[in-house]
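Chemist: Quick one, what's the 3D model for this:
(chains A, B and C)
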Amino acid sequence: MGIFGITSKLIKSIAYPSEMVPSIEEDDGHHHFDAVTEHEGAKLGMWLFLATELLLFGGLFAAYAIYRAKYPEMFMQGSKSLDVVLGSVNTVILIFSSLTVAIAVKAIQENRIKLVKIMLWVTIICAAIFAVNKYFEYTYKFGKGIFPGTDIFYSIYFAATGVHMLHVFIGMAVLGVLLRKVYKGKYSKDNYTAIEIGGLYWHLVDLIWIYLFPLLYLVG
Amino acid sequence: MSEEQEKNYLDNGEGFRSWFFTVDHKRIGVMYLWAIGVFFIVAAIASFLLRAEHLTPGPTIVNADTYNVLFTLHGSMMVFLFIVPGVAASFGNFLIPLMIGAKDVIFPKLNLYSFWLYLAGALIFMLALAAPADTGWTFYTPYSIETGANVILITFGVFVLGFSSILTGINFIVTMHKLRAPGMTWDRLPLFCWAAYATSLLQVLATPVVGITLLLLIGERYFGLGFFDPAKGGDPVMFQHFFWFYSHPAVYIMILPAMGIVSEIMPVFARKPIFGYKAIAYASLAIALISFLVWGHHMFVSGQSKLVNIIFSVITYAVAVPTAIKVFNWLWTLYKGSIELSTAMLYSLAFIFLFTIGGLTGLFLGALAADVHLHDTYFVVAHMHYVMIGGTVFGFFAALHFWYPKMWGRMFDEFKAKIAFVLIFIGFNVAFFPQFIMGTLGMPRRYFNYAPEFQSLHVVSTYGTWIIGIGFILMLWNLMRPLPGKAPANPYNSLSLEWSMDSPPGTFNFDDIPTVTEPVYNYGTKIEEGA
Amino acid sequence: MKWLPESASTFAPGVDLILWLVTIISVISCVLIAFLLIYFVIKYRRKTENDQTPAITHDSFLETLWTVIPTILCIVIFIYGYVYYDQYTVTPKNAVEVNVTAKQWLWSFDYSNGKKTLNELYVPVDQPIRLVMQSDDVLHSFFVPAFRVKQDVMGNRYTYINFTATKEGVYDLYCTEYCGTAHSDMLGKVHVLSKAKFASWQDGSADKVKKASAASIPPAELGKQLYSNKGCLACHSIDGANGVGPSWKGLFAKNRVFTDGASAIADENYIKESILYPGEKMVEGYGPVMPSYKGLLDDDEITAIIEYIKTLK
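Modeler: A predicted model of the protein is given here:
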């Protein structure tokens, strides 16, 4: 196959890796593991992954604690300069989106596909609104000449909310892929592990924000 | 038996796509093996160059900037592209499902993605070679913030590699929880699997910390964040805390799999059960957990407080004890055994001796007053190479020889392999033992030029590396030329599950999952309590 | 065979004691383990394919032994390490302070009487000294093997070393935290003088002696020594390669273009000005990195350096 063929195969393997890989279910009936083992295994695996995320953010929280102890005044001033209203709105939106994704998980366990679709859409839209709000917050700060390197407080603020934002985007992508597969009819009450662990990931994204918000916005 | 079962895993599917898109853990393990082998050789070449530079006190074959790049590349490639991912991902992937009686790992597709991530991280890392970093593999700030080299690319490559490690670790942990064959209780789990389990715990819990550390370093360089930069109110020592919080557990990621390998090989060639199975299993877990608490012993002269130094010194000695216990357990496995000195056994015995030296020299470094003198000298360089080469690499070479028949279905020439072993063993000690002496005499690390009084020791050390090189080439050459004929299923009369099938195994390992009824190292004919 | 550097401080004997103690423990352990390895491998070598082996998996006595003894040894080593470290970190009441500034790639010392030196630290024997250290740029580390002392030096806070030199002599000082291109050239010397000699150094009367001996060396030769001792070599090459600073090769009488567009011929006055006021005329393409040597080099030394530069065609 020519260059174009190889390139497109490579790109596909990055964008849709699972479609390139031979499925375990399909190779002439050789099921490696039963459904229960797969489900429990996936959940254990996702909890372990969430532990890694906690440690990743743990580093940021540790940096926050150390520098806040070192520069209390700077943190108070910096915190006051943040938009508490926008931050609170974002907090409510994320908590609400955790609720909707939890409903989606419950819904697929009851085969209520339509409800699953609606709830996943709402969750994704909430995430998008969160992102837009943060965009406004950031650009407002840049407009006032406040950038990531301006002082230690803003370094923490941009680093922590930036890394969190990255996880919001990843979460949106994950939920988006799940939603697409729901439309393709891949999930049911007998096969919903992916939605459950996707929901777990989204809960973590929400949980991190619930800690970040008071530490950054409510110090002053 | 289906069509696929008649072919072994190596023959089942030909061509690039059947390998690059495989979900067979054995093929993935083999691909990792080749990849880490390539990077090992590149990093080793860097070390030969920098040791050649040290034949004379002044400039010899390179200039200062090139030298600084060479030791950075050698360190970071060896750590991040070979030793941290390497042993676990290659032999772990190949062996764990076989040893626990499973048809594959529990997340085979994730396993493949982990390998792709390894390649992606390695590629990004290698792109950095256009303007390679000169910071040392530890990337200490502020120098790593201000240097003009490609620090962002290389650290981002390491970041991506970290994902590969984490996903592999998750895969191994869940596989061992969920897919052990019936009857394989935790106390019948082979010690290599225990070692891989402890390693995976470390991979999962420690790697994210280096992830955020490197991310923040990239933020410092690209966005001007000020966490680690004194000029902006940041603290360079905080970078060290973050960095070593991962990098100390990382050294146990490096050694635990090799210890697991030795625990597998010794009973087979002594025809005796491993002495103190539970002690070794629990010691592995204890070492993994305590390893999170000792990172500050890399920072005794960094400016951290006296109290903090004392605490880290105490806990450092605590982690020495389970390690010592393991050494004695391996040794006592030989007592009243029926010992065969195969190549794998030779490497394992050498491991015990060399790792002991490496571990004992850690005792020097854990003592606060002594570390003030020895920190950042060649003593530390010698210590780390004794544990990493004398320990991990010797364990890795032992594994290459021991599971060779299983992996490739062929036998190799034991005699040539043993000659190579002798050369590598002698060369290694000639290369690194003088470095203990140099360090005690005050020779600092990462020095391009050095005071003339150190020259004779440097020259001896360099000659040692050439002996290692010859031995290594002989070892590789021999392994690339297997003996004619197919290997038997179990040439060494081992009792663990991976030897119960053909060499090489079929793609799906077992036709029927076996039921385990006996302890794993059930060698020996009578149960004797006491010596 | 020399195993240790000279022992020239009050801290050194304690460190050396620990080094010997752990060496003895290590040698005994290694010999024991090597002996057992070789002995077992020979005594229990495989004799037939059907050798009977006992399935020994436990031995409470042995396991206790090899848990307890290493634990005790570790505790002992820790205590020695702690005790001597504790003494080392306490500043004696009569300590004299010297301020140390590390920068890429030289050490500068400021004494309490206002004197300054570069790369050469002067202390009296048997006098507790407290070094108060900071860095102008990246991390460095102050290491004197003969004293067994070491401490990282950083830019955002002061760090300290206490030492008391016990033997007159000249000892090597190394930077031992990697700090860039010329890390291995960031060297110095610690001069431990008798109390009398130190007094005369301090009040300047020793300089006359130094000058007299310096006078007997041709200026260009003296300039060459100063090139190494005063840290010039860290940034200025003599072979034409441009480093942190312009190379000295072919420098004299060349036309130089500066960052503000002006230009001048590199004559004696230009060189002297660049040594004392390096920021005034910076050559295009280079940054304001060079420290001033005002007060650190006297006129004769500057002349010597100029003469040396003249020889570098």
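
Chemist: Now stretch C:66-82: buried residues?
Modeler: Using 16 or more other C-beta atoms under 10 Å in any protein chain shown as the test for burial, stretch C:66-82 gives C:66, C:67, C:70, C:71, C:73, C:74, C:77, C:78, C:80, C:81, C:82. Heads up, the C-betas are built off the backbone N, CA and C, glycines and all.

Chemist: Reduced to three states, what does the third one come out as?
Modeler: Same thing as residue C:70. What DSSP: H, G, I helix; E, B strand; the rest coil gives for residue C:70 is helix.

Chemist: Tell me which other helices or strands the strand or helix carrying residue B:356 touches.
Modeler: Per DSSP states H and E, residue B:356 falls inside helix B:343-366. Helices and strands touching helix B:343-366, by 3 or more C-beta pairs under 8 Å, 6 or more residues apart in numbering or on different chains; DSSP states H and E, are helix B:236-270, helix B:306-333, helix B:368-374, helix B:378-385, helix B:394-402, helix B:414-440, helix C:12-43, helix C:60-89.

Chemist: So in the chain, where's the weakest helix or strand by average pLDDT?
Modeler: Since no chain was named, I'll use chain A. helix A:17-20 (a mean of 60; mean pLDDT, DSSP states H and E).

Chemist: Correction: the question concerned chain C.
Modeler: Of chain C's SSEs (mean pLDDT, DSSP H and E), minimum confidence goes to helix C:205-215, a mean of 63.

Chemist: And chain B, by the same measure?
Modeler: Every helix and strand of chain B was ranked by mean pLDDT, DSSP H and E. The lowest is strand B:526-527, at a mean of 47.

Chemist: residues contacting residue 150?
Modeler: Just so you know, I chose chain A. Residue A:150 makes contact with no residue, according to C-beta atoms under 8 Å, 6 or more residues apart in numbering or on different chains.

Chemist: wrong one, chain C
Modeler: Contact partners of residue C:150, counting by C-beta under 8 Å, 6+ apart, are B:301, B:372, B:373, B:375, B:376, C:141, C:142, C:143, C:144, C:161, C:176.

Chemist: List the contacts of the first one.
Modeler: The one in question is residue B:301. B:371, B:372, B:375, B:376, C:141, C:150, C:151, C:152.

Chemist: Going by distance to chain A, which of these wins?
Modeler: Closest to chain A out of the contacts of residue B:301 is residue C:152 (18.4 Å), distances taken as C-beta to the nearest C-beta.

Chemist: how many degrees apart are the helix or strand where the closest one lies and helix C:12-43 in direction?
Modeler: Assigned by DSSP H and E, residue C:152 falls within strand C:149-153. Here strand C:149-153 runs at an angle of 100 degrees relative to helix C:12-43 (axes from the mean of the first three to the mean of the last three C-alpha atoms, to 10 degrees).

Chemist: one step back: select from the contacts of residue C:150 every entry located in strands.
Modeler: The members of these that map onto strands under DSSP state E are C:141, C:142, C:143, C:144, C:161.

Chemist: how near is the residue in the stretch 151-300 of chain C that chain A sits nearest to to residue B:34?
Modeler: Proximity of the stretch 151-300 of chain C to chain A (C-beta to the nearest C-beta) peaks at residue C:156, 10.4 Å away. Distance of residue C:156 to residue B:34, given as C-beta to C-beta, to the nearest Å: 46 Å.

Chemist: ok, these two, which is more surrounded?
Modeler: Each of residue C:156 and residue B:34 has its neighbours counted (other C-beta atoms under 10 Å in any protein chain shown); residue C:156 has more, 18 against 9.

Chemist: didn't the more buried one look like it was pressed against residue B:234?
Modeler: Yes. The criterion here is C-beta atoms under 8 Å, and residue C:156 meets it with residue B:234 at 7.4 Å.

Chemist: List the residue ranges of the stretch 1-150 of chain B that fall below the pLDDT cut-off.
Modeler: Residues of the stretch 1-150 of chain B that meet the criterion pLDDT under 70 lie in B:1-6.

Chemist: actually chain B, sorry about that
Modeler: Checking chain B against pLDDT under 70 turns up B:1-6, B:525-531.

Chemist: Is the closest residue to chain A within the stretch 251-400 of chain B in a helix, a strand, or coil?
Modeler: In the stretch 251-400 of chain B, the residue that lies nearest chain A is residue B:292 (10.5 Å; C-beta to the nearest C-beta). State at residue B:292, reduced to three classes by three-state DSSP: helix.

Chemist: Pick out the residue of the stretch 51-200 of chain B closest to chain C.
Modeler: residue B:143 (4.2 Å).

Chemist: Just give me the neighbour total for the closest residue in space to that residue that isn't next to it in sequence.
Modeler: Of all residues not flanking residue B:143 in the chain, residue C:138 sits nearest, at 4.2 Å (C-beta to C-beta, 6 or more residues apart in numbering or on different chains). The tally of other residues near residue C:138 (other C-beta under 10 Å) stands at 26.

Chemist: what sits against residue C:138?
Modeler: By C-beta under 8 Å, 6+ apart, residue C:138 lies in contact with B:141, B:142, B:143, B:146, C:104, C:155, C:179, C:180.

Chemist: Quick check: which element contains the residue nearest the centre of chain C?
Modeler: Centroid check for chain C by C-alpha atoms, centre = their mean gives residue C:174 as the closest residue, at 1.7 Å. In this structure, residue C:174 sits in strand C:169-175 according to DSSP H and E.

Chemist: Show me what secondary structure element comes after that strand.
Modeler: strand C:187-193.

Chemist: how about the nearest residue to the residue in chain B positioned nearest to chain A, chain neighbours excluded?
Modeler: Going by C-beta to the nearest C-beta, chain A is nearest to residue B:224 of chain B, at 2.9 Å. Leaving aside its chain neighbours, residue B:224 sits nearest to residue A:149 (2.9 Å; criterion: C-beta to C-beta, 6+ apart).

Chemist: Need the three-state assignment for the one you found.
Modeler: Residue A:149 - assigned by three-state DSSP - is coil.

Chemist: for it, phi and psi?
Modeler: Dihedral angles of residue A:149 (phi, psi; degrees, to the nearest 10) stand at phi -90, psi 0.

Chemist: Model confidence score at it, please.
Modeler: We have a pLDDT of 86 for residue A:149.
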